[in-house]
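Enquirer: Whatever this is, show me its structure:
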Amino acid sequence: ALIVPDREGPTGPFSLYRISIDVGGRTRWTFPAESSPGAGDKDPAVSPDGTRLAFNRNGVLHLVDLDDRLQPRGRAREIADLRGLAMAGELFGPWGLAWTADSRELVFPWGSWPDPRLYRISAEGGPIRPLGGLASGTFAPAISLAGDRLAYMEWIVRYDIWQIEVDEARKAISEPSRLIASSRLDSNPVISPGGERIAFHSNRTGRYGIWIASSSGDGARPLTPRCGEEDPPVPERHFGWSPDEASIVFSTRGDLFVADVASGGCRALTTGPAVDTSPTWSRDGWVYFSSSDAGVRNVRRVPADGGAEEPVTADGGSLLAVSPDGSRVYYARDRALWALPAAGGEAHEVVTDVEDFQGAPDYVVATEEGLFLARNRRTNRLEYLDLASGTSTLIHEHEEWILGLSASADGRRLVYGLAETGRSDLM
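Expert: Numbering: from 1, shown residues only. So this is what the prediction gives:
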């Protein structure tokens, strides 16, 4: 028999199915809860001794016992919640599970694309340990039945920060040009409110973090948050400047933190079991963010100075942008972009065919009059949508994948990450 992931329709969650090699046909094995498109049960792996099946359900590893006919015996049980390992809000792994030859441990890649790493965990649960001695960007592991060889794929890619200028009509008046570059991954730039600095995400020291450069891309330096821990936190890709440019809000390990730009001193802004990601600091003193609890993602907000969180959406959604005056929240839900008054009210659909963080994500920057969009599809496009007229203007089309988008306060300059090269090797 074969165990494969599949789904009933184009937008439903994935389930696991058993396909009989002898007689054909398939039987549905798992029934995950309805959630965002593309989620559900994936990466099935039967242990070498045939007694257990491991799989990934929305970032949580599950295990179910099998009988001698490879039929499930009992209910699936959780063995590890992996969501804290990833830069949540990006592409989740594991992109393949592999059992060790003795059927006692699982090896899996986890993290944010394109930089997952291999980890291992006992099939009984317990600590998650990195698999040392391997480069980042590793996925799809396979272990020989003898247990003495490991094969895997290694993804090799480079991202740089690019810029382009537009006129008042949001049409390009310059060709794209490289602004910030290194031999590693530089992406997700955010222009400071005053326009004099650019924060961006990079692993140029071998460890991911936030870097700050001048508006011309010169003088880049790392922002090293000091949160009272021996091991400094690793900020995830989505972060935001405070209106006075003195602080940056970021997410790591499922919580939000605020770091002082000058000293690196930081404080926790959210704590708890929910996975909080993608923060944006509004001019009116709120920090908006995506929050995933029990596999359901919604938009929430919290006072930037600390305090009680408040729900913004209740029917699902991933935060994409907040208008400059803080009056409107833009979020992705059901493969569409929605706008919601921050003070409460009815949401309305603005753009259809948005990835909602399943596959290459769309990036949105809100102005008072419209939206800048980075849309990753078969072609990767920078666009501007005029909200009053509904007219969309193509700014530039790239062959490469766009990672992050930011605009100057006057909307005349865009900066964004762009994939330079990409290939995968079998190792």
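Enquirer: Could I get the CA-only coordinates of the helix or strand Ala374 falls within as PDB?
Expert: Assigned by DSSP states H and E, Ala374 belongs to strand 370-376. Provided in PDB are the C-alpha atoms of strand 370-376 (Å, rounded to 0.1, in the frame of the first residue of the first chain):
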ATOM      1  CA  GLY A 370      -3.700  52.700  -2.900                       C
ATOM      2  CA  LEU A 371      -1.600  49.600  -2.500                       C
ATOM      3  CA  PHE A 372       1.800  48.500  -3.800                       C
ATOM      4  CA  LEU A 373       1.800  44.800  -4.400                       C
ATOM      5  CA  ALA A 374       4.500  42.200  -5.000                       C
ATOM      6  CA  ARG A 375       2.700  39.300  -6.700                       C
ATOM      7  CA  ASN A 376       4.700  36.000  -7.100                       C
END
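Enquirer: where's the helix or strand that comes right after that strand relative to the chain centroid, distance-wise?
Expert: Using DSSP H and E, the next helix or strand after strand 370-376 towards the C-terminus is strand 380-386. Strand 380-386 has its C-alpha centroid displaced from the chain centroid by 21 Å (CA atoms, centre = their mean, to the nearest Å).
Enquirer: Any buried residues in strand 380-386, and which?
Expert: Asn380, Arg381, Leu382, Glu383, Tyr384, Leu385 (16 or more other CB atoms under 10 Å). No exception for glycine: its C-beta is placed from N, CA and C like everyone else's.
Enquirer: And for stretch 310-321?
Expert: Buried-residue list, stretch 310-321, by 16+ other CB under 10 Å: Val312, Thr313, Gly316, Gly317, Ser318, Leu319, Leu320, Ala321.
Enquirer: Of those, which is the nearest to Pro109?
Expert: Ser318 (22.8 Å; CB to CB).
Enquirer: quick one: that closest one and Arg297 touch, right?
Expert: Yes - the pair Ser318 and Arg297 passes the contact test of CB atoms under 8 Å, sitting 5.5 Å apart.
Enquirer: ok so, going back, and which of the buried residues of strand 380-386 is nearest Glu346?
Expert: Using CB to CB, Leu385 comes nearest to Glu346 of these, at 20.0 Å.
Enquirer: do you know how far the closest one is from Pro235?
Expert: 29 Å (CB to CB, to the nearest Å).
Enquirer: Arg204 too?
Expert: Per CB to CB, Arg204 is found 14 Å from Pro235.
Enquirer: So these two - more neighbours on which side?
Expert: Per other CB atoms under 10 Å, whichever of Arg204 and Pro235 has more neighbours is Pro235, with 24 against 17.
Enquirer: Give me the pLDDT for the more buried one.
Expert: pLDDT recorded at Pro235 is 83.
Enquirer: how about it, what does it touch?
Expert: For Pro235, the contact set (CB atoms under 8 Å, 6 or more residues apart in numbering) comprises His201, Tyr208, Gly209, Ile210, Leu223, Pro225, Phe250, Ser251, Thr252, Ala259.
Enquirer: With just CA atoms, put stretch 412-421 into PDB.
Expert: What follows is stretch 412-421, C-alpha atoms only, in PDB (Å, rounded to 0.1, in the frame of the first residue of the first chain):
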ATOM      1  CA  ARG A 412       8.100  57.300  -5.100                       C
ATOM      2  CA  ARG A 413      10.700  54.700  -4.200                       C
ATOM      3  CA  LEU A 414      10.300  50.900  -3.700                       C
ATOM      4  CA  VAL A 415      12.800  48.500  -2.200                       C
ATOM      5  CA  TYR A 416      12.500  44.800  -2.200                       C
ATOM      6  CA  GLY A 417      14.400  41.500  -2.000                       C
ATOM      7  CA  LEU A 418      15.000  39.600  -5.200                       C
ATOM      8  CA  ALA A 419      16.300  36.100  -5.800                       C
ATOM      9  CA  GLU A 420      19.500  36.200  -7.800                       C
ATOM     10  CA  THR A 421      20.200  32.500  -8.300                       C
END
